Structure formats: structure tokens, C-alpha cells
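J.: What follows is a predicted structure for the sequence shown.
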Amino acid sequence: MGIIFSIILATIRQTAPILITAMGGMFAEVTGVVNIGMEGMMLVGAFTAAVVTYYTNSYVLGILAGIISGGIVALIHALISIKYKGNQTVSGVAINLFASGFTIFMLRILFNQSGNSPAIKIAVPNIHIPLMGNLPVIVILIYALAIWANYFLYNTVTGLRMRAVGEHPLAADTVGINVYSVRYFGVIMSGMFAGLGGAYLSIGALNQFTKEMSAGRGFIALAALVFGKWKPKGVIMASLLFGFADAIQVLIQQYVKSIPPQFIQMIPYILTILALTGVVGKAVAPKASGIPYEKGN
């Protein structure tokens with residue numbers, strides 16, 4: 001039973017950054033904006049959370065800083081995609097490249113090293129889960145937000161407007177919904193959620209920032225979004241599946257020493273490819289996804 005509880009606890013932990021980032025991506029995509037820059041937003045959130053926590057000795061400020069920094073990067077993507085009607089995919093790729101270089105550059109400026117930040121002295125407190133162990137408070141926050149996101153999108157007026165804008169922006173505009181404002185809100189929320197996912201990595205899981213520590217989780221979150229068919233419950237289940245794969249590869253590395261760890265670490269990514277292969281052609285994105293809106297057209 002001990003190994004089962006270990007797998008469950010590890011799955012909960014490994015799912016957290018994927019889940020919250022995927023939920024953020026859903027906020028953007030249901031309004032019609034594709035956000036493949038979540039990897040970069042996650043990375044900036046992880047870096048900012050670690051730096052602020054290191055200098056202030058406050059994990060609360062660190063989490064808030066991670067969320068805000070992710071939102072700021074998302075605002076850049078929103079301006080390019082919504083105001084200037086740029087290519088959303090190119091914008092997302094540019095953000096990912098920028099985040100990678102920016103965080104390494106700032107590590108050199110602040111700490112005179114490009115690999116990782118100094119260890120953070122203060123740790124995010126844990127909550128004890130009977131029979132399984134401890135979970136950081138930030139993990140509880142992430143799952144609470146995931147549940148809230150499901151309620152928000154399907155039980156509030158704003159959620160209804162977001163879905164309307166993603167399906168038929170002209171019709172939404174005709175009845176008085178500000179398409180641009182709704183899309184800005186969705187994209188900024190996606191960045192804030194991704195920033196929280198990054199904050200978990202640096203101050204909830206590791207207690208320091210290391211370069212490229214998002215390690216493709218932003219892309220896995222995007223896969224969870226597609227695999228979950230842009231529905232909150234589906235995204236939650238898909239994220240748990242990918243989190244389980246990540247947890248399994250970590251446990252295998254602990255107990256199986258005969259297999260090179262690089263091969264074991266491929267498990268989540270192989271599962272991502274297989275999952276997407278199975279849903280291509282079956283999952284239907286919001287009708288206006290990726291299409292800039294021009295008022296009157």
C-alpha cells in the first residue's frame with residue numbers, strides 16, 4: 001500500500017504545474033486566442049517567484065510575483081494577437097524564446113551565474129494528508145483554482161461571454177459584448193495561471209530556480225488542453241494522466257538503476273505524443289480560435 005500512496009502523492013504533485021497551466025491556456029483559447037507561449041510564461045513565473053522569495057523571505061510575495069509576471073508576459077502576447085492582429089503562433093514561439101534567454105541573462109546579472117539561483121531559505125509550508133504525506137500549500141491552491149475555473153466558465157455571466165466570444169465573436173459583439181476586453185481577460189488569466197505553475201516549480205517543488213526548469217511542461221499543458229477537448233473536466237483528467245506519467249518516471253528512476261535516466265525521462269513526452277495522435281481530428285477547438293477579430297467583419 002505504501003507504494004500506491006507514494007504514486008498517488010507524486011501524481012498530485014507532478015500534475016499541479018501542468019494542470020494550472022492547462023487551465024490558463026483554456027481561458028485564452030475559449031475566447032479565441034491561441035497561446036503556445038505558456039512555456040515561456042511558466043518559466044518567467046518560476047524565475048520571478050524564486051528571485052522575489054529569495055530577496056524578501058516571503059513565499060506569499062514570491063507566489064504573487066510569479067502570478068503577476070506571468071500576466072505581464074501574457075499581456076504582451078495579448079497586445080500582439082488582439083490589438084495588432086499578429087500571428088498568434090509566432091508570438092507564442094517568440095515569447096518562449098525570449099523567456100529562455102531573459103531568465104538566463106537575469107541569473108547572470110543578479111547572481112553572477114547562468115545555471116541556477118541560490119537556494120531559497122524559506123520553504124512553502126506543507127499540509128499533511130493522512131496516509132500519504134505532505135503537500136505544499138501552493139498545490140492546494142492550484143487544485144482549488146482548477147475547480148473554480150470549471151465553475152467560472154459554466155456558471156457565471158463572464159464565463160458565458162468568454163465562450164460566446166470564442167465561438168462567434170461577431171454575434172457576441174452584436175449583443176454588446178466587448179470582444180477585445182474579453183479576449184484580453186482570457187489571455188492575461190492564462191499567463192497568470194502559467195506563472196503560478198512556474199512558481200510551484202521554483203519555490204514549491206525545488207526551492208531554487210534552474211534554467212529551463214519548466215522542461216516542456218507548458219507544451220504538455222497545451223497537449224492536455226487539446227486532449228481534454230477544451231473542457232475543464234477533460235483538461236483536469238488529461239493533466240492527471242500526464243502528471244501520473246511524470247510521477248511514474250520519477251519513481252522508476254529511484255528504483256531502476258540499470259536503465260539510463262534519459263530514457264526514463266522520455267515517458268511523459270512519449271505519452272503526450274501518443275495522446276495527441278489519438279485525438280487529432282476528433283477534438284474540435286472553439287470556432288474562432290486563432291482568428292483575429294476585426295470589428296464589423
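T.: Everything's here; your move.

J.: Let me know the helix or strand that the residue lying closest to residue 96 once chain neighbours are set aside is in.
T.: Distances taken as C-beta to C-beta, 6 or more residues apart in numbering place residue 40 nearest to residue 96, at 4.0 Å, with adjacent residues excluded. Any C-beta I mention is one placed from the backbone N, CA and C, and that applies to glycine too. Secondary structure from DSSP states H and E places residue 40 in helix 38-56.

J.: before we move on, what about residue 127?
T.: Per DSSP H and E: strand 126-129 holds residue 127.

J.: And residue 286, by the same measure?
T.: Using DSSP H and E, residue 286 falls outside every helix and strand.

J.: is it true that it touches residue 29?
T.: Yes - in this structure, residue 286 is within contact of residue 29 by C-beta atoms under 8 Å, at 6.2 Å.

J.: Now do the shared contacts for these two.
T.: Taking C-beta atoms under 8 Å, 6 or more residues apart in numbering as the criterion, residue 286 and residue 29 both touch 166, 230.

J.: Could you give me the buried positions within the helix holding residue 40?
T.: 38-54 (16 or more other C-beta atoms under 10 Å).

J.: for stretch 65-72, same thing?
T.: Applying 16+ other C-beta under 10 Å to stretch 65-72 flags 65-72 as buried.

J.: can you give me the strands for this protein?
T.: Assigned by DSSP state E, the strands in the chain fall at 126-129, 133-136.

J.: Got phi/psi on residue 123?
T.: The phi and psi values for residue 123, taken as degrees, to the nearest 10, are phi -110, psi 150.

J.: Quick one: neighbours of residue 252, just the number.
T.: Neighbour count for residue 252, taken as other C-beta atoms under 10 Å: 15.

J.: The one 10 residues further on now?
T.: When counting by other C-beta under 10 Å, one arrives at 7 neighbours for residue 262.

J.: Over to residue 134?
T.: 11.

J.: does it really touch residue 127, like I thought?
T.: Yes - using C-beta under 8 Å, residue 134 is in contact with residue 127, at 6.8 Å.

J.: picking up where we left off before, please list the residues outside the strand holding residue 127 that contact it.
T.: In contact with strand 126-129 (C-beta under 8 Å, 6+ apart) are residues 9, 134-137, 140.

J.: let's see it at 6 Å
T.: When contacts are defined by C-beta atoms under 6 Å, 6 or more residues apart in numbering, strand 126-129 is touched by residues 134-136.

J.: What of stretch 137-150?
T.: With C-beta under 6 Å, 6+ apart, stretch 137-150 has contacts from 16, 19-20, 23, 124-125, 200, 204, 232, 236.

J.: Equivalent analysis for stretch 169-177, please.
T.: 161, 164-165, 179, 288, 293.

J.: go on, stretch 187-194?
T.: 20-21, 23-25, 27-28, 33, 35, 38, 41-42, 67, 70-71, 73-75, 77-78.

J.: so where is this structure shaky, pLDDT-wise?
T.: Where the chain drops to pLDDT under 70, the residues are 1-2, 131-132, 276, 278-283, 296-297.

J.: so how far is residue 277 from the nearest residue to residue 120 once chain neighbours are set aside?
T.: In this structure, residue 120 finds its nearest non-sequential neighbour in residue 207, 4.7 Å apart by C-beta to C-beta, 6+ apart. Using C-beta to C-beta, to the nearest Å, residue 207 is found at 37 Å from residue 277.

J.: okay, those two: which has more neighbours?
T.: residue 207 (19 against 9).

J.: And the more buried one, how far from residue 66?
T.: 14 Å.

J.: Residue 10 now?
T.: For residue 10, the distance to residue 66 - C-beta to C-beta - is 23 Å.

J.: Likewise for residue 179?
T.: Residue 179 is 29 Å from residue 66, by C-beta to C-beta.

J.: re earlier: inside helices: which ones of the buried residues of stretch 65-72?
T.: 65-72 (DSSP state H).
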